[in-house]
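>>> Sequence plus predicted model, see below.
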Amino acid sequence: MAGKYNVCLDIGGTKVLGVIFNEQNEIIYRLKKRTKADGDDAANIEQVIIGIVEEMLKEANLKKSDIHAIAAGAPGVIDSATGIVLFSPNLPWRNYDIRTPIEKKFGAKFYIGNDVNVGVLGEFKYGAAKGYQNVIGLFVGTGMGGGIIMNGELFTGTGFKAGELGHLILDPEGPLCGCGQRGCLEAFSSKKGMSAYITQQVGRGRESFLSDKIENGVFRSKYMKKALKQKDAVACEAVDRACHYLAVATGSLINVFSPDLVVYGGGVMEACGDVLLEKITAEVDKYCMPSIRPTVELKCAGLGDDSILYGALSMIMDGDQAE
């Protein structure tokens with residue numbers, strides 16, 4: 001084995017979070033950098049990623065030869081077998097080979113997968129879903145992502161495109177979703193969906209603590225936590241609506257998959273998870289078969305911001321075992 005350290009990345013449209021794991025799978029260095037994904041230069045994002053890895057190595061007093069492998073989760077449809085990003089909603093990548101330049105630069109294997117698939121894998125291997133064999137993951141963030149573990153394996157479907165649980169259509173005449181359809185779970189229950197509801201209500205003359213906290217169509221999760229603490233009526237309605245549709249979607253997913261566990265992650269759940277989980281749990285029984293429900297647990301993710309990073313580590317471990 002060339003090196004002993006694994007570099008894992010959570011690549012987003014506005015930030016990249018990177019860590020270095022030692023041989024004991026402990027995080028020895030952490031770095032968070034904002035990215036500028038507004039442009040259409042795919043190579044620019046690639047250079048940001050390379051720069052972050054180089055900076056982490058320098059600060060941790062490591063050399064390129066110390067790296068065993070690099071892995072990342074990123075938004076979009078990603079062919080994990082080839083390392084090609086087919087489409088990414090928040091990054092300028094279309095059919096873009098990200099693996100080759102990274103491997104060439106660092107002389108180490110590079111793995112990449114859809115961020116929420118990778119996050120659910122992280123929870124399955126190291127977090128709240130450890131020890132379960134069949135898991136459904138719903139991650140509530142700016143958008144709404146999903147992941148499926150079936151019989152102890154991440155299910156990615158044909159072309160690594162499975163798990164788009166945020167685009168379950170719950171009301172064909174509902175609000176427009178960023179995917180182009182109407183009434184998707186994401187349009188109701190993501191930060192974008194909740195922000196759109198709050199903006200609509202404020203536009204009707206109602207007051208809300210969050211009225212001036214929504215930027216680029218979303219609020220920051222910490223502000224929602226504060227609004228709920230203040231019992232802000234509009235914020236509470238937005239959350240009740242989001243949890244209702246999460247309960248409806250969860251019930252249907254329970255009926256389809258009969259999982260051991262449904263795990264909820266993402267920034268909103270990390271900030272307000274106890275409140276949201278209680279609301280979802282209180283309502284979910286209405287939407288699933290009574291004969292299936294007793295064998296399913298509902299939990300919040302256990303790794304917080306690190307779910308995707310530990311999932312990236314899992315990809316490296318799985319890759320090692322496959323050799």
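Sure, I can see it.

>>> For the stretch 1-150 of the chain, give me the ranges with low pLDDT.
1-2, 35-43, 90 (pLDDT under 70).

>>> can you map out the helices along it?
Along the stretch 1-150 of the chain, counting by DSSP state H, counting those that start in this stretch, helices occupy 42-59, 99-106, 115-126.

>>> Return the most buried member of these.
helix 115-126 (a mean of 28; mean count of other Cβ atoms under 10 Å). C-beta: built from backbone N, CA, C; applies to glycine.

>>> center of this structure - which residue?
Taking Cα atoms, centre = their mean, the centroid of the chain lies closest to residue 116, which sits 3.5 Å from it.

>>> Nearest residue to it in space, please, no chain neighbours.
Counting by Cβ to Cβ, 6 or more residues apart in numbering, the nearest residue to residue 116 once its immediate chain neighbours are dropped is residue 145, at 2.9 Å.

>>> Can you give me the neighbour number for that neighbour?
28 (other Cβ atoms under 10 Å).

>>> Can you tell me how far it is from residue 268?
To residue 268, residue 145 is 12 Å away according to Cβ to Cβ, to the nearest Å.

>>> Give me the phi and psi for the residue sitting furthest away from the middle of the chain.
Centroid-distance maximum for the chain: residue 205 at 33.9 Å, with Cα atoms, centre = their mean. In this entry, residue 205 is assigned phi and psi values of phi 100, psi 0 (degrees, to the nearest 10).

>>> next one: the one 5 residues further on
Recorded main-chain torsions at residue 210 are phi -90, psi 0, according to degrees, to the nearest 10.

>>> Now do it, the pLDDT please.
Confidence at residue 210, expressed as pLDDT, is 96.

>>> Is it in contact with residue 223, as I believe?
Yes - contact criterion Cβ atoms under 8 Å: residue 210 and residue 223 qualify, at 6.0 Å.

>>> Looking at these two, which one has more neighbours?
residue 210 (22 against 17).

>>> Please report the distance of that one from residue 279.
For residue 210, the distance to residue 279 - Cβ to Cβ - is 18 Å.

>>> Relative to residue 9, how far out is residue 191?
22 Å.

>>> do the same with residue 187
Taken as Cβ to Cβ, the span from residue 187 to residue 9 is 29 Å.

>>> Check residue 133 too.
For residue 133, the distance to residue 9 - Cβ to Cβ - is 28 Å.

>>> Then residue 31?
Distance, residue 31 to residue 9, using Cβ to Cβ: 10 Å.

>>> Can you give me the first-to-last residue distance of stretch 281-293?
11 Å (Cα to Cα, to the nearest Å).

>>> I would like the residues contacting it, please.
243, 244, 247, 248, 250, 251, 252, 254, 255, 258, 296, 298 (Cβ atoms under 8 Å, 6 or more residues apart in numbering).

>>> Can you name the residues bridging to the last one?
Residues found in beta-bridge contact with residue 298 (criterion: DSSP bridges) are residue 262.

>>> Can you get me a residue count around it?
Using other Cβ under 10 Å, residue 298 has 17 other residues around it.

>>> Let me know the pLDDT of it.
Listed pLDDT for residue 298 reads 98.

>>> what do you get for the first one?
Looking at residue 243, its pLDDT stands at 98.

>>> Neighbours of it, how many?
24.

>>> Is it in contact with residue 273, as I believe?
No - if you go by Cβ under 8 Å, residue 243 and residue 273 don't touch, sitting 11.3 Å apart.

>>> just checking, what's the longest helix in the chain?
helix 233-257 (DSSP state H).

>>> Need the contacts of stretch 281-293 in JSON lines (columns: distance to residue 75).
As requested, these are arranged in JSON lines below (distance: Cβ to Cβ, whole Å):
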{"residue": "243", "distance to residue 75": "24"}
{"residue": "244", "distance to residue 75": "26"}
{"residue": "247", "distance to residue 75": "25"}
{"residue": "248", "distance to residue 75": "24"}
{"residue": "250", "distance to residue 75": "22"}
{"residue": "251", "distance to residue 75": "26"}
{"residue": "252", "distance to residue 75": "24"}
{"residue": "254", "distance to residue 75": "26"}
{"residue": "255", "distance to residue 75": "28"}
{"residue": "258", "distance to residue 75": "29"}
{"residue": "296", "distance to residue 75": "28"}
{"residue": "298", "distance to residue 75": "25"}
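
>>> Looking only at neighbour counts, state which of residue 133 and residue 9 leads.
Legend: neighbour count by other Cβ under 10 Å for residue 133 and residue 9, higher for residue 9 (25 against 14).

>>> Redo the helices of the stretch 1-150 of the chain as JSON lines? Include distance to residue 322.
Formatted as JSON lines, those follow (distance: least, Cβ to Cβ, whole Å):
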{"stretch": "helix 42-59", "distance to residue 322": "23"}
{"stretch": "helix 99-106", "distance to residue 322": "16"}
{"stretch": "helix 115-126", "distance to residue 322": "15"}
